[in-house]
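Novice: pasting a predicted model and its sequence here:
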Amino acid sequence: MLTDTHTHLNVVQFDEDREAVIQRALDQGVTRMVNVGFNRETIPSSIALAEKYDFIYTTVGWHPQDAITMEPGDLEWLEQLCSHKKVVAIGEIGLDYYWDTSPKEVQDRVFREQIRLARKVGLPIVIHNRDAHHDIVKVLKEEQASEVGGIMHCFSGSWETAKQCLDMNFHISFGGPITFKNAVQPKEVLAKVPLDRLLIETDSPYLTPHPFRGKRNESAYVRLVAEAAAEIKGISVEELARITTDNAVKLLKFGEFGDHC
C-alpha cells in the first residue's frame, strides 16, 4: 500500500498514455497519488484529474519559477480552490535559485503570501527548495509555517537543515535520488529522519530512480524509492510502505473532505 506524495500526471509527457501510467501504478500497489498543480495552467488540469480518479488528490500553488506570472487575483483564486474536496495542500511553493526565471524578491513575496494563505485556510504546504536552503528556513520561521507544517518535497539539503524543518512541524520526503549510487547526502539524511516524519514520492516525470534513470519517471516507480528507503532504514518494504502511507494520511487528511476551509 504505497502513496506517491508528489507527481505531475497531468503534464504533457503523459498525454499519450496517461491511463496506462496510472494503471501501472495501481498494479505496483500505489493506492494514492498526490498530483501537484503549480501555476495557472497546471492547477485546473490537476483538479480535473483528481475529480476523475478517487485515489488521486491534488495540491494548488504557485511554483517559484512561475512567481513572476502571479497576478493580484490569483491568490484569491487559490483561496477559493482550497474548499475543493480533493485539494489537500498548498504547493508546490518555495524558492528556486537555480533557474533564473523569477527575481528572488518576487519569489520571496509570492512564497510568503502563500504561507499566509495556508495558515488562513488551515492547509499544509509543499515546499520546493533548490539552492535556497538558508532562505527557505528563514522564511518558514518568520512566517510561522509551523502552524500548518507540510512536506519538504524531494529533500536535498543537509541534516542540519532537515532538523530545522522537522522542528517546524514538517515531514521530509525523498524521491528517485536516494537510488543513485553517488547520492550520499540524501541517504545519510534519510537514515536520520524519524520514521513518523518520513514520506516518499516520485516527482514524475522527473528524477527517475535507478535503473530507469534518464527515462521518463512515473508513479509506479515509487516502489523503487520505497525499496531503497527500506534498505536504508533496515526495515521491510511492506513496513516502509505502511508507515509512509500512514504519515501521508495523517498529514494530508485524505477523505476528510470539506474540513479545510
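Specialist: Looks like it came in fine.

Novice: elements contacting the strand or helix carrying Leu251?
Specialist: Take DSSP states H and E as the rule and Leu251 turns out to sit in helix 237-252. If contacts are counted by 3 or more Cβ pairs under 8 Å, 6 or more residues apart in numbering; DSSP states H and E, helix 237-252 sits against strand 2-7, strand 30-36, strand 198-200, helix 222-233. C-beta coordinates here come from the backbone N, C-alpha and C atoms, glycine included.

Novice: nearest to Ser102, of the ones you listed?
Specialist: Between Ser102 and the helices and strands packed on helix 237-252, the shortest separation by Cβ to Cβ is 17.7 Å, and it involves strand 30-36.

Novice: name the residues of the helix or strand just after that closest one that are buried.
Specialist: Per DSSP H and E, strand 30-36 leads on to helix 42-52 as the next helix or strand towards the C-terminus. Across helix 42-52, burial judged by 16 or more other Cβ atoms under 10 Å covers Thr42, Ile43, Ser45, Ser46, Ile47, Leu49, Ala50.

Novice: rewinding a little: which one of the helices and strands packed on helix 237-252 is the most hemmed in?
Specialist: Counting by mean count of other Cβ atoms under 10 Å, strand 2-7 has the highest mean neighbour count of those, with a mean of 29.

Novice: now do it and strand 30-36, the angle between them.
Specialist: If you take axes from the mean of the first three to the mean of the last three Cα atoms, to 10 degrees, strand 2-7 sits at 10 degrees to strand 30-36.

Novice: which helices and strands does strand 2-7 pack with?
Specialist: Using 3+ Cβ pairs under 8 Å, 6+ apart: strand 2-7 touches strand 30-36, strand 198-200, helix 222-233, helix 237-252.

Novice: same list (the buried residues of helix 42-52) but as JSON lines, adding pLDDT and distance to His133.
Specialist: Shown next, in JSON lines, are the buried residues of helix 42-52 (pLDDT from 0 to 100; distance: Cβ to Cβ, whole Å):
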{"residue": "Thr42", "pLDDT": "97", "distance to His133": "25"}
{"residue": "Ile43", "pLDDT": "98", "distance to His133": "27"}
{"residue": "Ser45", "pLDDT": "98", "distance to His133": "31"}
{"residue": "Ser46", "pLDDT": "98", "distance to His133": "27"}
{"residue": "Ile47", "pLDDT": "98", "distance to His133": "31"}
{"residue": "Leu49", "pLDDT": "98", "distance to His133": "31"}
{"residue": "Ala50", "pLDDT": "98", "distance to His133": "31"}
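
Novice: now tabulate those in JSON lines and tack on distance to Lys163.
Specialist: What follows is the buried residues of helix 42-52, written out as JSON lines (distance: Cβ to Cβ, whole Å):
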{"residue": "Thr42", "distance to Lys163": "32"}
{"residue": "Ile43", "distance to Lys163": "32"}
{"residue": "Ser45", "distance to Lys163": "37"}
{"residue": "Ser46", "distance to Lys163": "32"}
{"residue": "Ile47", "distance to Lys163": "35"}
{"residue": "Leu49", "distance to Lys163": "35"}
{"residue": "Ala50", "distance to Lys163": "33"}
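
Novice: which stretches of the protein have low pLDDT?
Specialist: Flagging of the chain using pLDDT under 70 yields the residue ranges 255-261.

Novice: need the longest helix for it.
Specialist: For the chain, the longest helix by residue count, based on DSSP state H, is helix 104-121.

Novice: pretty sure Trp99 contacts Asp131?
Specialist: No. Trp99 is not in contact with Asp131 according to Cβ atoms under 8 Å; the separation is 9.4 Å.

Novice: show me which of the two is the more surrounded one.
Specialist: The residue with more neighbours, out of Trp99 and Asp131, is Asp131; 14 against 10, by other Cβ atoms under 10 Å.
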